[in-house]
Every structure is written in structure tokens, then in C-alpha cells.
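Enquirer: Got a predicted model here, sequence first, then my questions.
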Amino acid sequence: MSKRVFIKTFGCQMNEYDSQKMADLLHSVHGMQTVERPEEADLLLMNTCSVREKASEKLFSELGRWRELKEARPEVVIGVGGCVASQEGTAIFERAPYVDLVFGPQTLHRLPELFTAVAAGRKKLIDVSFPEIEKFDRLPEPRADGPTAYVSIMEGCSKYCTFCVVPYTRGEEFSRPFDDVIAEIHALASQGVREVTLLGQNVNAYRGPMSDGRLIDLPALIRFVAAIKGIERIRYTTSHPIEFSQRLIDVYALEPKLVSHVHLPVQSGSDRILALMKRGHTTLEYLSKIRALRKIRPDISISSDFIVGFPGETQTDFDATMNLIDQVDFDYSFSFIYSPRPGTPASGLSDTLTLLEKKHRLAILQRRIEELGREKSHGMIGSRQRVLVTRPSRKNQEELAARTDNNRIVNFAGPADLIGQFIEVEIVEAHANSLRGRFLNSVKKAS
């Protein structure tokens, strides 16, 4: 009987991509099958994220539940990967001695060998090194799971924002070779993938080497990806305002396959706080990029990240953030109360703001962005939208779910053979987190 693996994933799309690669590797080398319940698995893996608050506590809380499974079946192997693994290292063994292996984001490709060694000798192993491109060189052929796919084009970050732990857990920026990225997307397209999302912690810093030694940037890469047969829609995330260049903005005029949505984290609307965060840009520079983008794509959807209650944030600073939100007219956001990440410069800053006030400000910010998002959703009622049908609806398996160009989920009634196709729907209702559509089956399919 083949071995079975259960993978618990926390965090961003990069972690989702990494978890899929872990599953692919273990299937390729050991014939492992992925299961939905930890009780069924021979190998339990946790892919962690250290960006948000209480990441370590979440890790050890989940490990505590897995401990019972290990006690019942001592042969079960428990592994911890991802950014918390890189950050905590051997401390994981000290707090959870039943864990067998620890590996970082850059060493997940060594997972099959680590599992073999642990299973054979019951020896604890750790590998949180930074071998950079080796990780991608040793990954198996990509396997498509539906009509959409993530493709990692670069990893790491060299910006060293004072609040962020990513440079310390994933290393400096490095870009995958152009040929490797294109080959992976060709393989995915041949398996029916119609939409790709290009991934990187700072994706618009991509500078991939070509076979002749030249470097290619993200705007040029997008044009090449758009030329691949079968690929009809392109997304990318996450961007940094510093490298959101005019060349990238110009691609929105040149390439219709590039979606009308961009996620561009700003974190704060106060120049004083941005300087303390070491973001490297001002609100005026951020706004100028948004205005240039909307000159080309007036209807483009903009989402962002916000940190509320950064050390030293005053009411005036927070008011500046709220002013920026209204100026940009954001569609949605990922917003959080600041929490110090171990080892980051901001963790040593004096923080006098009460938790109650931070929660109050966060509620105000989230409520305003939700209002803006609702207005946009309701404004789509009656419109025709070209959508990619991705899967059965989660709430009603007799319906289908699709995604719009501006990154909204649409649920509608239609035949299952539409999955994987671009179609047109009419938007008939707007809900809190989704839209309801009507399949225009009298219209020729939009693929």
C-alpha cells in the first residue's frame, strides 16, 4: 500500500504553490497520495507562514493535536516547513520533541530524501539553508489541477522593510531563469490551464536570465507568457510600489490577457510611517502610479495591504491612511494590526498605542474598504462579464463558480462541462463575498 501525506498550509499563494510542489515531489519519488484527514496519513506536514501575528503559537497549537496521532501510531513522521521553520529552527524540536524533520522554504525539494532518512533511522533532521535556484531545478514536472495555476517566478525579498521577516526566512531576491518559467507554463497549458498567476514575494522585481545571458523583466515576461497557446489570462502577485515601473504600466495598454486587477501593497497612507517602515516611497509616488495605471485601464480594480497601529502611529497618521483609501478607491484589502516579528528592526520600536485603539482603527479601515468594495460589486449588476469557470460552487455543488477579470467570484447555474472554459455571464446579484450570475447560453462561448 502506498504511503499517504497530509499537508496543512498557512499563509500566502507562495505557500500554496510550495505545498503543491511538496505533494508533487512526494508522489513522484515515493508514490505518496495526498489525503484530506491527518488521521489517514503516514507523513504529516505543516507549511507555515511567519508574516502575521502569533505564527509560532498557531504552529505549536496544531502540533499539539498531531502529537496524539503520533502517540497512537509512532511510525507517523511529522515535518514542519515554511517560514516559521526557517525562523525557529531547532527550537521546534525543543518545544515539540515529537517532530521528526524541519525544513525551510528553499529546501522543500529535499523533502523526499529527508523523509527517507527519518523513516529509516528515526533520526531528527533539519535543513533551513538557502540554496536558491537549486529548489526549482529539482522540482518534478508541473501537474495541473484545474484551469488555473500558480507559477513561481522568483523568491525572496531584498527590501528589508522594518516590519517584515521575509528576507530573513526566504532570503534575498532571486529570479528563475526565463526558459524554466516558460517551459513550466507551456507544460501547464498543455494540461488545460487557461489562467496563470505569476508569483513572487516582490514579483515586479523579476530579472530572469535568458539563455544568451540577458536579463528579462516582468513586463517582457508577461508578453511572452501571453503568446503561449492556451493561456488566455495572466495575473501576478505580490508587487512592491518601488518597482511598479512605467514599463509595467504600459503593458496594460499592450496586453489584453493581463487582467484588470492589481494587488499593490501600500501599508500606510502616512509618509512619516512609510519612512519608519522603510518602504522607500511616498504616498504621492504611490498615487502617481495608480493614476498612470487608471489612465490606461480606467476600470482597473486595486487591492492593497494595510498595517494598522505601527509603532508611533498617531491619529493624524491614521487619518492620512483613510484619506489615501478614499483617493485610490480600493476594491478590497488585507489589513491587520501590527505585530512585532522577531528579529525585525521594528520589533525594537516603542509602541504606546493601546490594543483597544488599534482594534478600533482597524474596524474603521475595514468597514470603509468593505463599503467601497460593495459599491463596485453592486455597480456590476446588469453587466456582462467574461469569466473563467473554475470548479463546482462550494455552497451548492449543483452550481458552478467562475472568476471575473477583476478578481470576483461568480456563482451561477450551468452544465459541468463549462469548467475550464471562458464564458459570458450577466451579473444579477451582489453578495458580501461573491456575485450571482446568469449563464448567457444563447451567446457563443467566450473562449
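Expert: Great, that's in hand.
Enquirer: Which stretches in the stretch 301-447 of the chain count as helices?
Expert: All helices of the stretch 301-447 of the chain, identified by DSSP state H, counting those that start in this stretch, fall at 315-328, 355-379.
Enquirer: Let me know which of those helices is tucked in deepest.
Expert: Mean neighbours per residue, mean count of other CB atoms under 10 Å, is largest over those for helix 315-328, with a mean of 17. Heads up, the C-betas are built off the backbone N, CA and C, glycines and all.
Enquirer: quick one: that one to helix 355-379, angle?
Expert: Interaxial angle of helix 315-328 relative to helix 355-379 (axes from the mean of the first three to the mean of the last three CA atoms, to 10 degrees): 10 degrees.
Enquirer: circling back to that earlier point, looking at the helices of the stretch 301-447 of the chain, which is closest to residue 95?
Expert: Of all these, helix 355-379 sits nearest to residue 95, with 25.7 Å by CB to CB.
Enquirer: and the closest one, what does it pack onto?
Expert: When contacts are defined as 3 or more CB pairs under 8 Å, 6 or more residues apart in numbering; DSSP states H and E, helix 355-379 packs onto strand 301-308, helix 315-328, strand 332-337, strand 422-430.
Enquirer: For the closest residue to residue 439 other than its chain neighbours, which residues are in contact?
Expert: In space, and not counting its chain neighbours, residue 439 is closest to residue 414: 4.3 Å by CB to CB, 6 or more residues apart in numbering. Applying CB atoms under 8 Å, 6 or more residues apart in numbering to residue 414 gives the contacts 389, 399, 400, 423, 439, 441.
Enquirer: Any idea which of the helices and strands packed on helix 355-379 has the lowest pLDDT on average?
Expert: Lowest mean pLDDT within the helices and strands packed on helix 355-379: strand 332-337, a mean of 93.
Enquirer: residues of it that come out buried?
Expert: The neighbour-count check on strand 332-337 (16 or more other CB atoms under 10 Å) flags 332, 333, 335, 336, 337 as buried.
Enquirer: Dump those residues into a markdown table; add distance to residue 273 as well.
Expert: Shown next, in a markdown table, are the buried residues of strand 332-337 (distance: CB to CB, whole Å):
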| residue | distance to residue 273 |
| --- | --- |
| 332 | 21 |
| 333 | 16 |
| 335 | 14 |
| 336 | 14 |
| 337 | 14 |
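Enquirer: quick revisit: name the member of the contacts of residue 414 that has the highest neighbour count.
Expert: Among the contacts of residue 414, residue 389 has the most neighbours (other CB atoms under 10 Å), with 28 neighbours.
Enquirer: picking that back up, tell me the confidence at the residue nearest to residue 439?
Expert: In this model, residue 414 carries a pLDDT of 94.
Enquirer: Mind checking what secondary structure the residue nearest to residue 191 when sequence neighbours are not counted has?
Expert: In space, and not counting its chain neighbours, residue 191 is closest to residue 144: 3.7 Å by CB to CB, 6+ apart. Residue 144 falls in the coil class when you classify it by DSSP: H, G, I helix; E, B strand; the rest coil.
Enquirer: Output the helices and strands packed on helix 355-379 in TSV; the columns should cover distance to residue 193.
Expert: As requested, the helices and strands packed on helix 355-379 are arranged in TSV below (distance: least, CB to CB, whole Å):
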stretch	distance to residue 193
strand 301-308	22
helix 315-328	32
strand 332-337	25
strand 422-430	13
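Enquirer: right, and these - which one's nearest residue 80?
Expert: Between the helices and strands packed on helix 355-379, strand 332-337 lies closest to residue 80; by CB to CB that is 23.1 Å.
Enquirer: same for that closest one, what does it pack against?
Expert: Judged by 3+ CB pairs under 8 Å, 6+ apart, strand 332-337 is in contact with strand 301-308, helix 355-379.
Enquirer: Format those as a markdown table; extra columns: distance to residue 287.
Expert: Listed next are the helices and strands packed on strand 332-337 as a markdown table, based on distance: least, CB to CB, whole Å:
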| stretch | distance to residue 287 |
| --- | --- |
| strand 301-308 | 11 |
| helix 355-379 | 16 |
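Enquirer: quick one: which of the ones you listed is nearest residue 170?
Expert: Across the helices and strands packed on strand 332-337, closest to residue 170 is strand 301-308 (CB to CB), at 17.0 Å.
Enquirer: And the contacts of the closest one?
Expert: 163, 238, 260-268, 277, 290, 293, 318, 321, 328-338, 358, 361-362, 365, 376, 406-407.
Enquirer: now what about the helix or strand harbouring residue 249, what contacts it?
Expert: Residue 249 belongs to helix 246-254 when assigned by DSSP states H and E. Outside helix 246-254, the residues that touch it by CB under 8 Å, 6+ apart are 204, 217-219, 222-223, 258, 260, 289, 292-293, 296-297, 300.
Enquirer: would you turn these into a markdown table with secondary structure, neighbour count and distance to residue 372?
Expert: Formatted as a markdown table, the contacts of helix 246-254 follow (DSSP: H, G, I helix; E, B strand; the rest coil; neighbours: other CB atoms under 10 Å; distance: CB to CB, whole Å):
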| residue | secondary structure | neighbour count | distance to residue 372 |
| --- | --- | --- | --- |
| 204 | helix | 24 | 24 |
| 217 | strand | 17 | 32 |
| 218 | helix | 25 | 27 |
| 219 | helix | 20 | 28 |
| 222 | helix | 21 | 27 |
| 223 | helix | 15 | 32 |
| 258 | strand | 23 | 23 |
| 260 | coil | 17 | 16 |
| 289 | helix | 20 | 19 |
| 292 | helix | 14 | 21 |
| 293 | helix | 22 | 17 |
| 296 | helix | 13 | 21 |
| 297 | coil | 16 | 18 |
| 300 | coil | 17 | 14 |
